[in-house]
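In: The following comprises the amino acid sequence and a computationally predicted model.
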Amino acid sequence: MKYDFVVIGAGVSGLTSAITLAKSGYRVALVEKSERTAPVLRGFSRKGVHFDTGFHYTGGLAPGEPLDIFFRYLGISDRVTSFPFDTEGFDVFRCENPGFEFRVPAGYARLRERLCEAFPVEAKAIDSYLGMVKAVCASMPYLNLDAEVDTGFALRRVLGATLKETLDSLTGNELLKSVLSMHSLLYGVSSCEVSFTQHAAIVGNYYDSARGIRGSGLSLVNAFDERLKLLGVDLFCGAEVTRVLVDAQGAVAGVELASGAALSCPACIATVHPRVLLDLAPEGAFRPAYRKRLGALEETVSAFMAYAVSTAPIASLAGSNLFLLPEADCLNRLGQSPLDKAPFYLSAAYREGGGDPSGYIAIFPSLFKETAAWEGSSSGRRPEEYRQFKKEALSIMQRRIERVCPEIAGNLQYLEGSTPLTLRDFCSTPYGGLYGVKHMVGQYNPQTSTKLRGLYLAGQAVVSPGVMGAVLSGLLACGTILGHDRMRKELKACC
Amino acid sequence: MTDQEIIKQINSSLAEEFEFALGDMTPETTLFEDMGLDSLDVVDLVIVLETAFGMKIREEEAIRQIRTLGDIHSFVINKKRQMESA
């Protein structure tokens, strides 16, 4: 089979890439090793309640905002219905020590107002911070369609000041710093490591607006799937790419599948974890320096998660997420605390068909080493000792959730959990990274181009995690191929 | 380390990680034309230097100015001296 492009991996970045290339007139194959597209985005159901695993809410999706424009460009906006989270508190920050609660409102102006009410003497720091976040978003390629696409932005994410350094230079108020760092739970990197630029490029979208999607991640996957079909993309599921093939001139010639079949193409976009890419690329395709760099990339924190069904509706989670912090400075050491002292994040789970939240998803950032003792085991065949460990972890999480959120205590009907090992196997991240490869100061993540002619990269390692980061990375990779001016012009036509 | 030792270390690290022949490497050698590097390689260049000398390089502007192997030599020598006097 001959294609113009083969896209490896049908997560959001792969789906975005395949659709963009197909709508530009190319013959495209999309290859996914799971049985269906975007397994992480699909989530799962228990007792009639749907639990999201890859998507809970997003920033930048209100009409006219970047993700809305991208969805329109991809031709999926008619099939996706979004709704605003509580505009007076889409996220609730709750600190145990000292006791403090802050409700994050939508919109920079309202956020400024609310922050200044909570921290009256910090108005100057708040203004500086919000101004800096806005400036970063305005300078990020594709997030702002007028921003220059150059290496400057990528370098600032690696060479610039960390979030903590930046906040320390603005204020001495630990609680304020903590509120401004709370969204690090959404990208899984401690405030001591993430660059301010990277943090701002992600949170800036949430400060504009926070929205959910009706039918959640699953309806987003369905929209992508329908679009693929309409555009005539050949989808190969349950097919793992084992090798990228090169021709005598050293350029991409195709991909080989685990079945032994080959798809020939002069170019492909790989959206796999960079370490997985090293196994696919032929010997000698990359210089030793590049191989070492990809091989040494660190991943974000991993996590323990709890999925609960409640006998009573959980009103406090309707349109709001809860961020629970045991101490104000705990985001400086994300993933380092034991489960009974870790910060965590709670999001609503809904019965199929809607209504008030009928359950919750809790995410407790943690390190992979917590479950490293059983890393040789695979899903469904874990030893008894691991099962006991997981049961204990789940009960610690439940006790903590009920202690700090008494409003949801006592109504538990069903509880399931996952560990860093589950994440490793489910998300195809070698060390169970909750958000894949991390973006931090001093770590150079791969760019969309590679030294292997015809091989391009997309995925969360390239831009940032989340649906926004994955879509951006797909667009950026296609822009590298088709020309950024052309892509941006077409995107602007969707504004 | 003397300047000569630093230069020797830079050249041998680059030769190994970028598969260059040591004999082709002079201070006048240009990275982009002579050595065939492109903007994608600059990042790996920085990491090779960071690893070889145990330093963190965060000088965006200085990195952008580098054109020749000699520029790399001076950059690292200056940076080492700054670290020693700090």
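Out: Yep, it's here. Numbering: from 1, shown residues only, chains lettered A, B, ... in the order given.
In: ok, residue A:60 - contacts?
Out: Shown in contact with residue A:60 (C-beta atoms under 8 Å, 6 or more residues apart in numbering or on different chains): A:66, A:67, A:68, A:143, A:205, A:206, A:208, A:209, A:468. Every C-beta, even on glycine, is put in place using the N, C-alpha and C of the backbone.
In: closest to chain B among those residues?
Out: Using C-beta to the nearest C-beta, residue A:143 is the member of these that sits closest to chain B, with 20.3 Å.
In: Mind checking what secondary structure the residue most central in space within chain B has?
Out: The residue lying closest to the centre of chain B (C-alpha atoms, centre = their mean) is residue B:72, at 3.8 Å. In three-state terms, and counting by DSSP: H, G, I helix; E, B strand; the rest coil, residue B:72 is helix.
In: looking at it, it is touching residue B:66, isn't it?
Out: Yes. If you go by C-beta atoms under 8 Å, residue B:72 and residue B:66 touch, sitting 5.9 Å apart.
In: which neighbours do these two share?
Out: Jointly contacting residue B:72 and residue B:66 under the rule C-beta under 8 Å, 6+ apart are residue B:31.
In: By mean pLDDT, flag the weakest helix or strand of chain A.
Out: One helix or strand of chain A scores below all others by mean pLDDT, DSSP states H and E: helix A:151-159, with a mean of 79.
In: which residues touch the residue nearest to the centre of chain B?
Out: Taking C-beta under 8 Å, 6+ apart as the contact definition, residue B:72 lies against B:10, B:14, B:31, B:45, B:49, B:66.
In: hmm, 7 Å instead?
Out: For residue B:72, the contact set (C-beta atoms under 7 Å, 6 or more residues apart in numbering or on different chains) comprises B:10, B:66.
In: now swap in the one 3 residues further on and tell me
Out: Taking C-beta under 7 Å, 6+ apart, we find residue B:75 in contact with B:62, B:66.
In: Now do the SS call for it.
Out: Using three-state DSSP, the structure places residue B:75 in helix.
In: Looks to me like residue B:62 is in a strand.
Out: No. With three-state DSSP as the criterion, residue B:62 is assigned helix and is not in a strand.
In: quick one, what contacts it?
Out: residue B:75.
In: Swap in 10 Å and give it another go.
Out: Applying C-beta atoms under 10 Å, 6 or more residues apart in numbering or on different chains, we find residue B:62 in contact with B:71, B:74, B:75, B:78, B:79.
In: Report the buried members of these.
Out: B:71, B:75, B:79 (16 or more other C-beta atoms under 10 Å in any protein chain shown).
In: name the element the residue in the stretch 351-495 of chain A that chain B sits nearest to belongs to?
Out: Nearest to chain B, among the residues of the stretch 351-495 of chain A, is residue A:444, at 4.4 Å (C-beta to the nearest C-beta). Taking DSSP states H and E as the definition, residue A:444 sits outside all helices and strands.
In: Look up how far residue A:155 lies from it.
Out: Per C-beta to C-beta, to the nearest Å, residue A:444 is found 9 Å from residue A:155.
In: if I look at the two, which residues touch both of them?
Out: B:42, B:43, B:46.
In: that older thread, let me have the buried ones among the contacts of residue B:62 in JSON lines, extended by pLDDT.
Out: Shown next, in JSON lines, are the buried ones among the contacts of residue B:62 (pLDDT from 0 to 100):
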{"residue": "B:71", "pLDDT": "95"}
{"residue": "B:75", "pLDDT": "95"}
{"residue": "B:79", "pLDDT": "92"}
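In: what's the burial count for residue 2?
Out: Since you didn't name a chain, this refers to chain A. Using other C-beta atoms under 10 Å in any protein chain shown, residue A:2 has 10 neighbouring residues.
In: other chain: chain B
Out: 8.
In: Please state the backbone phi and psi of residue A:346?
Out: Phi and psi for residue A:346, reported as degrees, to the nearest 10, are phi -120, psi 130.
In: try residue A:347
Out: Backbone torsions for residue A:347, taken as degrees, to the nearest 10, come to phi -140, psi 160.
In: I'd say it and residue A:316 touch.
Out: No. Counting by C-beta atoms under 10 Å, no contact exists between residue A:347 and residue A:316, whose distance comes to 11.7 Å.
In: and for the two, which residues touch both?
Out: Residues touching both residue A:347 and residue A:316 (C-beta under 10 Å, 6+ apart): A:322, A:357, A:360.
In: Could you check which of residue A:347 and residue A:316 is surrounded by more residues?
Out: The residue with more neighbours, out of residue A:347 and residue A:316, is residue A:347; 21 against 16, by other C-beta under 10 Å.
In: and that one, what does it touch?
Out: With contact taken as C-beta under 10 Å, 6+ apart, residue A:347 is in contact with A:51-52, A:55-57, A:91, A:212, A:317, A:320-322, A:357, A:359-363.
In: One more pass at 8 Å, please.
Out: A:52, A:56, A:57, A:317, A:321, A:322, A:360, A:361, A:363.
In: got a pLDDT number for it?
Out: pLDDT, residue A:347: 95.
In: Repeat that for residue A:364.
Out: On the pLDDT scale, residue A:364 gets 96.
In: so it touches residue A:303, yeah?
Out: Yes. Using C-beta under 8 Å, residue A:364 is in contact with residue A:303, at 5.9 Å.
In: thinking again about what came up before, from the contacts of residue B:62, which is closest to residue B:61?
Out: Closest approach between the contacts of residue B:62 and residue B:61, by C-beta to C-beta: residue B:75, at 11.2 Å.
In: Number of residues surrounding the one residue in the stretch 151-300 of chain A that gets nearest to chain B?
Out: Of all residues in the stretch 151-300 of chain A, residue A:289 sits closest to chain B, at 3.7 Å by C-beta to the nearest C-beta. Using other C-beta under 10 Å, residue A:289 is surrounded by 21 other residues.
In: Now for it: which residues touch it?
Out: Neighbouring residues of residue A:289 by C-beta under 8 Å, 6+ apart: B:17, B:18, B:41, B:44, B:45, B:47, B:48.
In: Near chain A, which residues of chain B are found?
Out: With C-beta under 8 Å from any C-beta of the partner chain as the criterion, chain B meets chain A at residues B:16-19, B:39-41, B:43-48, B:56, B:58-60, B:63.
In: what residues does the stretch 251-400 of chain A put near chain B?
Out: Checking the stretch 251-400 of chain A against chain B by C-beta under 8 Å from any C-beta, the hits are A:287, A:288, A:289, A:290, A:292, A:293.
In: out of the residues you listed, which one sits closest to residue A:376?
Out: residue A:292 (25.8 Å).
In: where does the stretch 1-150 of chain A have low pLDDT?
Out: Within the stretch 1-150 of chain A, no stretch has pLDDT under 70.
In: Repeat the analysis, applying 90 as the threshold.
Out: A:1, A:54, A:148-150 (pLDDT under 90).
In: So which residues of it form strands?
Out: According to DSSP state E, counting those that start in this stretch, the stretch 1-150 of chain A carries its strands in the segments A:5-8, A:28-32, A:44-46, A:49-51, A:58-59, A:82-84, A:91-97, A:100-104.
In: Kindly report the same for chain B.
Out: Under the criterion DSSP state E, chain B carries no strands.
In: buried sites along the helix or strand bottoming out on mean pLDDT in it?
Out: Within chain B, judged by mean pLDDT, DSSP H and E, the helix or strand with the poorest mean is helix B:60-65; its value is a mean of 84. Residues of helix B:60-65 classed as buried: residue B:63 (neighbour count, 16+ other C-beta under 10 Å).
In: Likewise for stretch A:230-244?
Out: Those buried within stretch A:230-244 under the rule 16+ other C-beta under 10 Å are A:231, A:233, A:234, A:235, A:236, A:239, A:240, A:241, A:244.
In: Same check on stretch A:467-478?
Out: By 16+ other C-beta under 10 Å, the buried positions in stretch A:467-478 come out as A:467, A:468, A:469, A:470, A:471, A:472, A:473, A:474, A:475, A:476, A:477, A:478.
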